[in-house]
Structure formats: structure tokens, C-alpha cells
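1. give the three-dimensional model of this entry:
(one chain, ligands or ions: 1)
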Amino acid sequence: MTTATQTTAKRVLDIRNAPGRHWVGDGLPVHNLFGYNGPGVAARSPFLMLDYGAPYDFGPTTKQLGVGQHPHRGFETVTVVYSGELAHRDNAGGGGTIGPGDVQWMTAGGGIIHEEFHSPGFAKSGGTLEMAQLWVNLPAKDKMTPAGYQPITAAQIPVVDLPDGAGHVRVIAGAWDEAKGPARTFSPITMLDVVLSAGRTAELPQPEGWSTLVVVASGSASVNGTESVTGPAVVTLSTAGQGVTVQAGSDAKLLLLSGEPIDEPVVGYGPFVMNSQQQIVDAINDFNSGRFGQGLN
Ligand code: MN
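-> Reported below is the predicted structural model:
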């Protein structure tokens, strides 16, 4: 372990401000921070897609808002709820409610059909929904792994205070300080949910050779010396170097995503992300012919 003064800072490759909201189904208004097409895909590997649902107020309803059953293959979906409550159900037997501070880590693997709605309780009362969904790639050798579901409750996620009351870090996956995140992953990943107070600085070093993204969900922050970045935005850092220094301009809610890059082709089509066009054709055919299993009823 090198000391902080010997750490080379990771270089800032890209700063991307989120576009306006779009709706996923009729219940998830999100800003898309990045996807699996276009420039920067390799620099973000193994992270494929990130939607951030900034706070949005829903009135009470008896309707089921969200997105009805749909398939996935070839990666994992990670849903983080900050406020409100979602309900999930899939045809591999996974399901449950995801409330404030909870995380759902779902492995689509070789194929899953699932639905993502507001929970009945949240729909009935109404309130503020704030959430994020991250897609994490699977290595080629694991893309057809059986589907899986990890319900991770807030109580299972270690919270580490930053020095001098600057904020805190929740360790969802990987390690931070002495704490280890509960998520089981197929490739080495760090996922930290960071809250940093205005004017304060956090050192969040990540391994040499790992892709590293600092997502400013809300508030504003400077990352490795950039100008202040106002959320929702994502800063992509180099694999080279280790140092990640974040200074909050205003109270900031951040996600730090870091991982060993998966150096394999990324070919995606809608809810399928594979390594070749033929595998996409196979996924569509397999879904249409029922090889993802029974749909939900
Ligand atoms: Mn989905």
C-alpha cells in the first residue's frame, strides 16, 4: 500500500451532464447518465448503463405505476432506492420490496423476465420517489449463468463515517476502509454510496487499472481538480492512477463506481447485452420461443 502522498491521481477523461428526464414505463422518471452505446463504453467497463431518478413527487393512486414484465440477458441490474418504495417480481422466483437505503442486485444471466413497479403501499400513500438503476456487465463466461437475486437491505450495508464529520460512505459492493459490501459480484467491483457535506473533501482511492466513475447525483462537486460539476452528472476517470479526490461544492449525493474492466466486445440491443450480433439474435429467438421460461401472471 502506498501512502496518500505517493498516490498518482486518476486522470479525468470525460464529464457528462445528464440530459432531461425520460420515463421508463409510467412510473420511473429518470435521467440517463450513460448507456452501452457510443463513445466511452470501454472506459466505463464493466458498467453498462446508469439511470438516475431524481426526486419526483407522485400523488396517491390505486394504479400500478412502473414497468411491466420484460426480459433481460447477459448482465446484472442494480436498483438503489433513496426515497419511496419499489416492488419487484421475476420468473426465477426473486422478488420483494426495495425501500429507502435498500439495494436490489439482480443477475439476469442467461435469461430472466421481471417487472418493476411502485410498491402498493407507496402507491397508496404517494410521496417522493428517488432511485437509481445501474447495469453491470457479466464476463463472457458468465453471461449464461442462472438468474439470481440479492435483496440487500439498508441494515446489511456498512456505513463508514468520513473523517471530521465530512459525510459518510455506504459500502454496497467491494471494500472501503475496513468495511466490505454485501453484494456478490462476478468481476471485482467497488460500489459506494457517498454523502459529502458542502465544502468538504473525501479521498476515495481506487485500484490501479480499474475503470472509475464518480456520479454526482445531486448537489455539486469537483473531482480530481475539475471545475464544479452539478448533478446529475458523471465524471469518468482513467484506469491509470489510484487517487480520487472529491470536493463538494454544495451538499452532494454521489455514487462511486469502480471495477476491473471486462475487455470483451459489448453488443447490446434493448434489454440484452452480449458479445456478438449472433448472440443478440439468439437472445431474441430464445425469448420469443419461451426459453426464458414462463412469463409472470
Ligand atoms: Mn428491467
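
2. now tell me what touches the helix ranked longest in the chain from outside.
-> In the chain, assigned by DSSP state H, the helix with the most residues is helix 277-288. Outside helix 277-288, the residues that touch it by Cβ atoms under 8 Å, 6 or more residues apart in numbering are Pro71, Arg73, Gly74, Gly111, Lys143, Val267, Gly268, Tyr269, Phe272, Met274, Phe292. Heads up, the C-betas are built off the backbone N, CA and C, glycines and all.

3. what do you get for stretch 192-200?
-> Stretch 192-200 is touched from outside by 80, 157, 162, 164-172, 174, 176, 202, 204, 219, 221, 246-256, with contacts defined as Cβ under 8 Å, 6+ apart.

4. and those, which of them are buried?
-> 80, 157, 162, 166-167, 169-172, 174, 176, 202, 204, 219, 221, 246-249, 251-256 (16 or more other Cβ atoms under 10 Å).

5. before we move on, back to that, which among the contacts of helix 277-288 end up buried?
-> Burial by neighbour count, judged by 16+ other Cβ under 10 Å, picks out Pro71, Arg73, Gly74, Gly111, Lys143, Val267, Gly268, Phe272, Met274, Phe292 from the contacts of helix 277-288.

6. which single one of the residues you listed is nearest to Arg21?
-> Nearest to Arg21 out of the buried ones among the contacts of helix 277-288 is Gly268 (Cβ to Cβ; 21.9 Å).

7. spit out the contact partners of the closest residue to Gly121 other than its chain neighbours.
-> Distances taken as Cβ to Cβ, 6 or more residues apart in numbering put Glu85 closest to Gly121, at 6.3 Å, once the chain neighbours are dropped. When contacts are counted by Cβ under 8 Å, 6+ apart, Glu85 touches Thr97, Ile98, Gly99, Pro100, His118, Ser119, Gly121, Phe122.

8. of the residues you listed, buried ones?
-> Thr97, Ile98, Gly99, His118, Ser119, Phe122.

9. ok but the last one is inside a strand, no?
-> No. Secondary structure of Phe122 (DSSP: H, G, I helix; E, B strand; the rest coil): helix, not part of a strand.

10. unless I'm mixing things up, it is touching Val81, no?
-> No. Counting by Cβ atoms under 8 Å, Phe122 sits too far from Val81 to count as a contact (9.7 Å).

11. quick check, central residue of this protein?
-> Leu134 (2.6 Å; Cα atoms, centre = their mean).

12. which ones are touching it?
-> Contact analysis of Leu134 by Cβ under 8 Å, 6+ apart lists Phe47, Met49, Leu50, Thr77, Val78, Val80, Met191, Leu255, Leu257.

13. so where do the helices sit in the stretch 1-150 of the chain?
-> Listed in chain order, the helices found in the stretch 1-150 of the chain under DSSP state H, counting those that start in this stretch are 41-44, 120-125.

14. can you pull the buried residues of the first one?
-> Taking 16+ other Cβ under 10 Å as the basis for neighbour counts, the residues of helix 41-44 that come out buried are Val41, Ala43, Arg44.

15. count of neighbours near the nearest residue to Thr145 once chain neighbours are set aside?
-> Of all residues not flanking Thr145 in the chain, Gly109 sits nearest, at 4.0 Å (Cβ to Cβ, 6+ apart). Counted by other Cβ atoms under 10 Å, the residues lying close to Gly109 total 21.

16. surely Gly109 touches Pro139?
-> No. Between Gly109 and Pro139 there is no contact under Cβ under 8 Å: 11.5 Å.

17. thinking again about what came up before, could the buried ones among the contacts of Glu85 be laid out in TSV, adding distance to Leu65?
-> Formatted as TSV, those follow (distance: Cβ to Cβ, whole Å):
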residue	distance to Leu65
Thr97	14
Ile98	15
Gly99	16
His118	5
Ser119	10
Phe122	9
